[in-house]
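A.B. asks: quick one, what's the 3D model for this:
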Amino acid sequence: MGEPRVETSPKVSDEVRQTTCYMCACRCGINVHLKGGKVAYIEGNRDHPVNKGVLCAKGSAGIMQHNSPARLRTPLRRVGPRGSGEFEEISWEEALETAVGWLKPLRDDAPEKLAFFTGRDQSQSFTGWWAQQFGTPNFAAHGGFCSVNMAAAGIYTMGGAFWEFGSPDWDHARLFILFGVAEDHDSNPIKMGIAKLKARGAKVIGVNPVRSGYNAVADEWVGITPGTDGLLILSLIHCLMLAGKIDLDYLTRYTDAPLLIDCDPKSANYGLYLRDDEGQPQVVDRRTGKPAPYDGYSVIPDPGGHYRHAGVTYKTVLHRMAQTWLAPEYAPEAVAGRCGVPAQQIRALAAQIARAAFDDPVVIEQPWTDFRGERHERMVGRGVAFHAMRGISAHSNGFQTARALHTLQILLGAVETPGGMRFKPPYPKPASAHPRPHAFASPGKPLKGPALGYPQGPEDLALGADGQPLRIDKAFTWENPLSVHGLMHMVISNAAAGDPYRIDTLFLYMANMAWNSSMNTRGVMEMLTRKDEDGDYVIPRIIYSDAYSSEMVAYADLILPDTTYLERHDCISLLDRPISEPDAAADAIRWPVVEPDRDVRGFQSVLLDLGARLGLPGMVNDHGGAFYADYADYMTRHERRPGVGPLAGWRLGEVGLSHGRGEPNGGQIDSYIANGGFCAMHVPAEARYFKPWNMAYQDWAVSVGLVDEANPYLFTLYSEPLRRFQMAAEGYGTHQPPEHLKPRIKRCLTPLASWFEPFEHGASLPGDYPVHALTQRPMAMYHSWGSQNAWLRQIHGHNPMYLPTKLMQDHDLKDGDWARIISPHGSITVPVAEMAALNPETIWTWNAIGKRRGAWALDKGAPEATKGFLLNHVIHELLPPKGDGLRWSNSDPVTGQAAWFDLRVRIEKAAPPDTHIPAQTSPVPPAPDALRWQVKD
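C.D. replies: As a prediction, this is how the structure comes out:
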């Protein structure tokens, strides 16, 4: 009898539609296979610039996200107490009129009474524009509690950072070092890149308290103590400078190292650059020995120069760097105990970096011309590349730690050179090229500029004439001057306390603030339901938009149900968070590859509808009707400035279709769809490296509309904006911080990268809370979204707390036992598991696996709700009391980023818990026992 015939290549679809994944922020290209009009299979798009066909578990499981039983079905209005989850279904017309009825009086009388905050959406240039037109300064997004320290430190230091701003030179790096990289962000490009490095024999080093994911495949692991990365980096800088292993030519040409600084403590400009009458920073010109503009034609800066004039001595930034970082306090022996890394290992790491950078430079035979007019015959770089993310950002010293890492790269000459870190267009873009924040609200009028921006000094703070904060989150104040992404983790706390003022309406999008997106989760749930002495909610109205029945839904008064990512238009824009790679500026779209089978609408289209009903400028036509039909129409016709809109591809040029600049094109989206959902504008070969100083790149960027004029600039190892705030704390200038903040500003806002102990470590007595506790994103999940997914739940159905071997032994614990984790804020009881490859003073768990019973259409006995947990419950948005009568925000003092990873705890063996947070009522029915369907021919 013959073997049965098996169809090895069954037909999986009768149509393939190409769009952009939304299962994480990687934004890979996907092919969505349809059969009978239903989604049958999702694979990677091999032509896409981000993933080149590679797709992770999350992306493949998008089919289950699209078909999730937790999807909201229709607009809802609360009918029970807030938090009860009791709603009635209403029509879209009723929902929109309700929202307008709440919002219009605010816009007419007090626009700041609207607090509009979005979560992990990828259309922040649009939502920010909407908030600006409404007139509220109270707008921000997810970055304030994610990785703003990395982004802001990068922008202020060199005009870009990692991930969406830049990436390693995967093709030329010989040594790759990761610091605190989460496994869910940018995962496909990083995996592909590490594969390239491994294939070439390049070495990979992971610096992380936890050896999982990328660190597990590293050739060397540095199990650092949490919160000390900056100290380790400054010790590496100490070793490299002491050995003379820095790229002095690079520093002299492309950074502020040779710029002159006022060194007279009695001078009104103490610590600022010496400038000429036109405001240009000065260097000592080697040819004349006299000051000259740094960008003067044929000027040869002297990095060791000094100048004395009118009794004031001026020395270079390089002199200040050596004076600061060669101090004994940064020697490996001085930092080893605190970092948990032996001095010998620190020195060995510095030696590896030096060898990779200087023993064998990376050379590309490509001529180019710099901004001083000098022609270079080759592109010469260093074979050392770094990558870092939330792990070093989410500390109260994260901004300065990120600056230290950017400084290390620059000292090596390993930024925008072959083998190092490369910017992704539209970056590089220095802080001075970004707008400054605007916060003065006027009834019935837009803000005069965007709510978020990059302050250059105290005059840019969002403070009223009385010195009080103009924003509900207290962003851009003396507490957090450079809070360029806002402080989303402080919005509800401040609003509930009426500090600095009361708001009327909290409008949230995709921000699960009642669960995993908040510190102090129980406290936030109480704040959302808190009432005043008259029995009214202290936050009077909450509007929420989401695609799914998350924990936050139960706390809203009005629900505007969003679509899934396969059912709507989206714009991954060069104005926002594009999908560019170093060799190409690229943007992308999502489009409805399937139509919704529920009464839901894409949130961006809903915003435009609300904007038109409210009469917001730019959203109504001359007759008072809606200017844009929907978000797709906005994507096509909106212009942020003449010839530049949300999408750069297939615009109407002078002689036909062109990319970059051009008039709006009604067929633009169709062109994107025909091209696989993306557009890529390739950087010319002469312009691919040295972008901030390469005139070929500067001219190309102007030609495609990234900028309106060439803007070469220097990297700023020494930050004048930070120095201006520090000077104010020292008593200079007319803008002065409150007395109680002066010591902190002087200590933490240093113009050169520095390190200070995380605030909670100092506030909590080490003897009481001796253990560091971290959360980490799993590669198979992305925040809350993945842990409702029928396929992904099989990978991570619950999460243990991982303890190092010694702590397991000290507390007589074994895998599966339960322990009480106690912080200064509270305690949780959790299952534990042993992990040997872990910093001995650190415990950790996966984040966002734990769910509240009743949410996400999960069964009430689901392991996510009975065994899964959140560490958020024992993290507070405020620091423990210090005895000074103040409760300080648990945030970075520069940017306000939430200091998630500063948590200190103690451990006690415990019995399994017999109580949980009560189940919430869900507006969607529970999921079936099995989520399955058949797609037929």
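
A.B. asks: chain center to stretch 929-937, what's the gap?
C.D. replies: Its chain's C-alpha centre lies 37 Å from the corresponding centre of stretch 929-937 when counted by Cα atoms, centre = their mean, to the nearest Å.

A.B. asks: what does it contact?
C.D. replies: Outside of stretch 929-937, the residues that reach it under the criterion Cβ atoms under 8 Å, 6 or more residues apart in numbering are 11, 14, 35-36, 38-40, 64, 67, 69, 790. Just so you know, the C-beta spots here come from the backbone N, C-alpha and C atoms, and that holds for glycine as well.

A.B. asks: how about a cut-off of 7 Å?
C.D. replies: Contact with stretch 929-937 is made by 35-36, 38, 40, 64, 67, 69, 790, as judged by Cβ atoms under 7 Å, 6 or more residues apart in numbering.

A.B. asks: so who does the residue lying closest to residue 84 once chain neighbours are set aside touch?
C.D. replies: Closest residue to residue 84 apart from its sequence neighbours, by Cβ to Cβ, 6 or more residues apart in numbering: residue 921 at 6.0 Å. Taking Cβ under 7 Å, 6+ apart as the criterion, residue 921 is in contact with 84-86, 554, 854.

A.B. asks: could you check how far residue 921 is from residue 78?
C.D. replies: Distance, residue 921 to residue 78, by Cβ to Cβ, to the nearest Å: 11 Å.

A.B. asks: residues contacting the nearest residue to residue 791 once chain neighbours are set aside?
C.D. replies: Sequence neighbours aside, residue 61 is the residue nearest to residue 791 in space, at 4.2 Å (criterion: Cβ to Cβ, 6+ apart). For residue 61, the contact set (Cβ under 7 Å, 6+ apart) comprises 23, 789, 791-792.

A.B. asks: taking these, tell me the two that lie furthest apart.
C.D. replies: Based on Cβ to Cβ, the longest span within the contacts of residue 61 runs between 23 and 791 and measures 10.9 Å.

A.B. asks: what about those two, which has more around it?
C.D. replies: Regarding residue 23 and residue 791, a neighbour count based on other Cβ atoms under 10 Å identifies residue 23 as having more, with 27 against 17.

A.B. asks: excluding sequence neighbours, find me the nearest residue to the more buried one.
C.D. replies: Spatial nearest neighbour of residue 23, excluding adjacent residues (Cβ to Cβ, 6+ apart): residue 58 at 3.9 Å.

A.B. asks: for that neighbour, give its distance to residue 21.
C.D. replies: Note on residue 58: its distance to residue 21, by Cβ to Cβ, is 8 Å.

A.B. asks: now the contacts of stretch 929-937 in JSON lines, with neighbour count and pLDDT?
C.D. replies: Converted to JSON lines, the contacts of stretch 929-937 look like this (neighbours: other Cβ atoms under 10 Å; pLDDT from 0 to 100):
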{"residue": "35", "neighbour count": "17", "pLDDT": "92"}
{"residue": "36", "neighbour count": "12", "pLDDT": "89"}
{"residue": "38", "neighbour count": "17", "pLDDT": "92"}
{"residue": "40", "neighbour count": "20", "pLDDT": "94"}
{"residue": "64", "neighbour count": "20", "pLDDT": "94"}
{"residue": "67", "neighbour count": "18", "pLDDT": "94"}
{"residue": "69", "neighbour count": "18", "pLDDT": "95"}
{"residue": "790", "neighbour count": "17", "pLDDT": "92"}
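
A.B. asks: of those residues, which belong to helices?
C.D. replies: Residues from those lying in helices, with DSSP state H as the criterion: residue 64.

A.B. asks: taking the contacts of stretch 929-937 one by one, which sit in strands?
C.D. replies: With strands defined by DSSP state E, the entries of the contacts of stretch 929-937 inside them are 35, 38, 40.

A.B. asks: okay, strands next: where are they in the stretch 51-200 of the chain?
C.D. replies: With DSSP state E, counting those that start in this stretch as the definition, the stretch 51-200 of the chain shows strands at residue ranges 76-78, 87-89, 114-118, 139-140, 166-168, 175-179.

A.B. asks: scratch that, the stretch 701-850 of the chain
C.D. replies: Read by DSSP E, counting those that start in this stretch, the stretch 701-850 of the chain holds these strands, from start to end of the chain: 771-776, 801-803, 818-822, 827-834, 842-846.

A.B. asks: just send the ones you listed back as TSV, with mean neighbour count, distance to residue 674 and mean pLDDT too.
C.D. replies: Formatted as TSV, the entries for the strands of the stretch 701-850 of the chain read as follows, by neighbours: other Cβ atoms under 10 Å; distance: least, Cβ to Cβ, whole Å; pLDDT from 0 to 100:
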stretch	mean neighbour count	distance to residue 674	mean pLDDT
strand 771-776	23	40	95
strand 801-803	24	48	98
strand 818-822	20	54	97
strand 827-834	19	50	96
strand 842-846	25	40	96
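
A.B. asks: need those strands in TSV (columns: distance to residue 328).
C.D. replies: Rendered in TSV, the data for the strands of the stretch 701-850 of the chain read as follows (distance: least, Cβ to Cβ, whole Å):
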stretch	distance to residue 328
strand 771-776	27
strand 801-803	36
strand 818-822	38
strand 827-834	39
strand 842-846	28
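
A.B. asks: coming back round to it: what's the spacing between the residue nearest to residue 84 and residue 551?
C.D. replies: Counting by Cβ to Cβ - residue 921 and residue 551 are separated by 12 Å.

A.B. asks: list of residues touching the helix or strand bottoming out on mean pLDDT in the chain?
C.D. replies: Lowest mean confidence among the helices and strands of the chain (mean pLDDT, DSSP states H and E): helix 759-763, at a mean of 82. Residues outside helix 759-763 that contact it (Cβ under 7 Å, 6+ apart) are 227, 396, 879-880, 882, 888, 890, 899, 902-904.

A.B. asks: tell me where the stretch 551-700 of the chain has helices.
C.D. replies: Using DSSP state H, counting those that start in this stretch, the helices assigned to the stretch 551-700 of the chain run over residues 603-614, 631-637, 668-674, 695-703.

A.B. asks: using PDB, write out every CA atom in the second one.
C.D. replies: Listed next in PDB are the C-alpha coordinates belonging to helix 631-637 (Å, rounded to 0.1, in the frame of the first residue of the first chain):
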ATOM      1  CA  TYR A 631      -7.900  60.300   8.700                       C
ATOM      2  CA  ALA A 632      -7.000  58.900   5.300                       C
ATOM      3  CA  ASP A 633      -8.000  62.300   3.800                       C
ATOM      4  CA  TYR A 634      -5.900  64.100   6.400                       C
ATOM      5  CA  MET A 635      -2.900  61.800   5.600                       C
ATOM      6  CA  THR A 636      -3.200  62.800   2.000                       C
ATOM      7  CA  ARG A 637      -4.100  66.500   2.100                       C
END
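
A.B. asks: what separates it from the chain centre, distance-wise?
C.D. replies: Taking the mean C-alpha point of helix 631-637 and that of its whole chain, the gap between them comes to 26 Å (Cα atoms, centre = their mean).

A.B. asks: switch the helices of the stretch 551-700 of the chain over to JSON lines; also include distance to residue 97, mean pLDDT and mean neighbour count.
C.D. replies: Shown next, in JSON lines, are the helices of the stretch 551-700 of the chain (distance: least, Cβ to Cβ, whole Å; pLDDT from 0 to 100; neighbours: other Cβ atoms under 10 Å):
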{"stretch": "helix 603-614", "distance to residue 97": "8", "mean pLDDT": "98", "mean neighbour count": "22"}
{"stretch": "helix 631-637", "distance to residue 97": "20", "mean pLDDT": "98", "mean neighbour count": "22"}
{"stretch": "helix 668-674", "distance to residue 97": "30", "mean pLDDT": "98", "mean neighbour count": "18"}
{"stretch": "helix 695-703", "distance to residue 97": "45", "mean pLDDT": "98", "mean neighbour count": "20"}
